[in-house]
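# predicted model follows, preceded by the sequence.
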2 protein chains.
Amino acid sequence: MQPASESNRSRRPTSVDVAQAAGVSQATVSRALSGGSVSEATRKKVESIASRLGYSPNLVARGLVTSRSGMIGVVVADITNPFYPQLLEAIGNRLADQGRHMLLQNAASNSEEEEAARLLVEQRVDGIIFTTATSDSVAVRELMERRFPLVLVNRVVVGHCDAVEGDNLSGTAAALDHLVELGHRRIGMVAGDARASTTRQRSQGFEQRLAELGVPLRLDLVRSTNFSYPEAFCAAIDLLSLDKPPTAIFCHNDLTAFAVVNAARSLGISVPGELSVIGYDDVRESSWESYNLTTVKQQFQEMAARAVDLLESRIANPDLPPRHTVFDCPLIIRGTTAPPRGALAGKAVPR
Amino acid sequence: MQPASESNRSRRPTSVDVAQAAGVSQATVSRALSGGSVSEATRKKVESIASRLGYSPNLVARGLVTSRSGMIGVVVADITNPFYPQLLEAIGNRLADQGRHMLLQNAASNSEEEEAARLLVEQRVDGIIFTTATSDSVAVRELMERRFPLVLVNRVVVGHCDAVEGDNLSGTAAALDHLVELGHRRIGMVAGDARASTTRQRSQGFEQRLAELGVPLRLDLVRSTNFSYPEAFCAAIDLLSLDKPPTAIFCHNDLTAFAVVNAARSLGISVPGELSVIGYDDVRESSWESYNLTTVKQQFQEMAARAVDLLESRIANPDLPPRHTVFDCPLIIRGTTAPPRGALAGKAVPR
DNA sequence: CTGTTAGCGCGTTCAA
DNA sequence: TTGAACGCGCTAACAG
């Protein structure tokens, strides 16, 4: 039934095929389809033939010529942490607006990050967004030296590099102000990976603000994690099993805050009755009734948009000076914070 | 300080550069670095020079020759639904094992799905994993006609195509058996998008099993959603505000089950005391204390691994007959299901 | 084992 | 406005 004439069934048509069918040169097809100067008549003809043949340009071949792939690499640390999907959604939307695509790499460890960066470079992405760079990140350092377009989200490293991040010091300060105002004096912390700049800044903000508030820093109430749920859960169990457990715990992200809340519940400790918990990020789940988490908000949309814009301008002009944008981190007070049991709500009773 | 001799600072070295430095032909470099037959001596020499120059092959150029990009496109419906990150993690790991990379596209609507597919094809991915295909998916149909390598995860469409999915009928049946056993008779359902095969199968299983169990199907207790949290939350408020609300609700995924639990809590309705809830997927969050959700488990790891394997073999041999793998969906009983208030735990009291 | 040659599909000169 | 020719960086065939 089918005409035997179509010799190459599964081969995708190329611009040469379109050119032959249209009776023009391949160069004319190229111009017609990408806005070059051609007569209106030939443009019409080429376009109609192209769509009839189901032609779509081969971006690989185009990339080889233009040395621009149209792809942006994005490296995340742990895609199952809800922070990243929500950030990725924002980044992806912004990239799509610009006709770009996202090559995603999950990189849990530093070595995986290097591997991810290598792959992205080999795939000739036009730029990379890192959301995972730790201070000892070899990959980032090497790319910077090569002047490869990249931007760090939620991280900074030594040396100068385009970056967007939240104001971790003031965000942490706001969280502590709230807790101390409520009357808490035994404040614990579930920290993230010490090599991440967010961890360092939030830990520093923690110490600093406690000092300013005249509240003792209790290092025995501080635990390090890798930002993951399981480690935070264990850390919380550990803290809550102390003879004198903290009355409040400040967590370096919402995921670990969830773990702390759940650990408390598993021990029959009520939140916020017996334990106050504060997270960081304000992922969507935090606002849902089951957690109703008091947390420090990161402005996802704005950070993502800014990161993409920074990268875009960096690709267009690699000689720009490094730029660094810091976003506000407002405290969102919800239901996991309350005065400590038996406290008189801090030093002052509101008039 | 720097020698002025390096004329082209920012240009990446090519295999020609390596060849010149090593005093061999470019073809030899290519062979040496990709396991061709060369003498051990020249291989050593080429490798050392390549790493000294910081050479890494241009995968775009390689792709143009081999017409294989090494990339797999993955299309998801809503990356903020925790089901997808957990599936993506598994897919990504499996792909990485095979030296491939993942080009991610978020496609909320059907038109976005077509756009996503078009982009992936233009980028010359070697194959596509769809996790979103609805029955009226034009994109999938077109790709199938072109015999483009693709596999559907958690979905099937009319026509034959490689696919992996859970056993939705038996999974749903197990959920209903559990509810009816507990004594529930007014069972509601928060369904997903009617165009998704999972929705159709789970709805069909719902009707079918209720009939088999002799429990009346109450269509007034059924609501459709787009699988999202906000729609499910509204649907739950709606159902729970009825004069005679359901005593149990079966949800088409965990995300909507979370919404139902939270909606109940926002109305002061206790779960499972006054309302039993069952989800579908068994995402990690379901097992955490705050939800402790009874749910039907999908076997992420296995489904992801199988999907990648199917795609890999399809790429290697496009003429394979279509294959369809169905995974068991065991019921995981946790804390959101209990007998309805005042019930005598079903028809029979165990001996 | 190695060098030479020929493309992969496209964008981009240079002439006409 | 259009066509011919070239080359992006690489792999694969073919000689030697």
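Looks like it arrived, so ask away.

# where do the helices sit along the stretch 201-350 of chain A?
Counting by DSSP state H, counting those that start in this stretch, the stretch 201-350 of chain A has helices at residues A:229-240, A:254-266, A:300-316.

# out of these, which is the most enclosed?
Stretch with highest mean neighbour count among these: helix A:254-266 (a mean of 25; mean count of other C-beta atoms under 10 Å in any protein chain shown). Quick note: C-beta positions are derived from backbone N, CA and C, even for glycine.

# show me what that one is packed against.
When contacts are defined as 3 or more C-beta pairs under 8 Å, 6 or more residues apart in numbering or on different chains; DSSP states H and E, helix A:254-266 packs onto strand A:187-191, helix A:229-240, strand A:248-251, strand A:276-281.

# hmm, try it at 6 Å
If contacts are counted by 3 or more C-beta pairs under 6 Å, 6 or more residues apart in numbering or on different chains; DSSP states H and E, helix A:254-266 sits against helix A:229-240, strand A:248-251, strand A:276-281.

# just to revisit the earlier point, what about the helices of the stretch 201-350 of chain A, which gets the closest to DNA strand C?
helix A:300-316 (14.3 Å; C-beta to the nearest atom of the strand).

# okay if I get the helices of the stretch 201-350 of chain A as a markdown table plus mean pLDDT and distance to DNA strand C?
What follows is these, written out as a markdown table (pLDDT from 0 to 100; distance: least, C-beta to the nearest atom of the strand, whole Å):
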| stretch | mean pLDDT | distance to DNA strand C |
| --- | --- | --- |
| helix A:229-240 | 98 | 46 |
| helix A:254-266 | 98 | 43 |
| helix A:300-316 | 95 | 14 |
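
# which among those helices is found nearest to B:Asp136?
In terms of C-beta to C-beta, the element of these nearest to B:Asp136 is helix A:300-316, at 31.1 Å.

# one step back: reformat the helices of the stretch 201-350 of chain A as a markdown table; add distance to B:Met71.
Shown next, in a markdown table, are those (distance: least, C-beta to C-beta, whole Å):
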| stretch | distance to B:Met71 |
| --- | --- |
| helix A:229-240 | 30 |
| helix A:254-266 | 29 |
| helix A:300-316 | 20 |
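
# can you say which of the ones you listed is nearest to DNA strand D?
Of those, nearest to DNA strand D by C-beta to the nearest atom of the strand is helix A:300-316, at 16.9 Å.

# which one is the residue in the stretch 201-350 of chain A positioned nearest to DNA strand D nearest to, not counting chain neighbours?
For the stretch 201-350 of chain A and DNA strand D, the shortest gap (C-beta to the nearest atom of the strand) falls at A:Pro318, measuring 16.3 Å. Leaving aside its sequence neighbours, A:Pro318 sits nearest to A:Arg147 (C-beta to C-beta, 6 or more residues apart in numbering or on different chains; 5.6 Å).

# burial of that neighbour, as a residue count?
12 (other C-beta atoms under 10 Å in any protein chain shown).

# pretty sure it is in a strand, no?
No: checked against DSSP: H, G, I helix; E, B strand; the rest coil, A:Arg147 lies outside a strand; its state is coil.

# so A:Thr247 touches A:Pro340, yeah?
Yes: with contact defined as C-beta atoms under 6 Å, A:Thr247 counts as touching A:Pro340 (4.0 Å).

# related to what we said a few turns ago, let me have the helices and strands packed on helix A:254-266 in CSV, extended by distance to chain B.
Output for these, formatted as CSV (distance: least, C-beta to the nearest C-beta, whole Å):
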stretch, distance to chain B
helix A:229-240, 8
strand A:248-251, 15
strand A:276-281, 12
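
# ok, A:Thr198 to A:Gly127 distance?
22 Å (C-beta to C-beta, to the nearest Å).

# show me the shaky parts of the stretch 101-250 of chain A.
Applying pLDDT under 70 to the stretch 101-250 of chain A picks out residues A:158.

# ok so, going back, quick one: common contacting residues for A:Thr247 and A:Pro340?
Jointly contacting A:Thr247 and A:Pro340 under the rule C-beta atoms under 6 Å, 6 or more residues apart in numbering or on different chains are A:His184.

# quick one: the strands in the stretch 101-250 of chain A, in order.
For the stretch 101-250 of chain A, the strands defined by DSSP state E, counting those that start in this stretch occupy A:101-106, A:127-130, A:150-153, A:163-166, A:187-191, A:222-224, A:248-251.

# minimum distance to DNA strand C: which of those strands has it?
strand A:101-106 (16.0 Å).

# which strands and helices lie in contact with that closest one?
Using 3+ C-beta pairs under 6 Å, 6+ apart, strand A:101-106 is in contact with strand A:71-76, strand B:101-106.

# which of those strands is buried the deepest?
Of the helices and strands packed on strand A:101-106, strand A:71-76 is the most buried (mean count of other C-beta under 10 Å), at a mean of 26.

# quick one: strands adjacent to that strand?
Here strand A:71-76 is paired, per DSSP bridges, with strand A:101-106 (parallel), strand A:127-130 (parallel).
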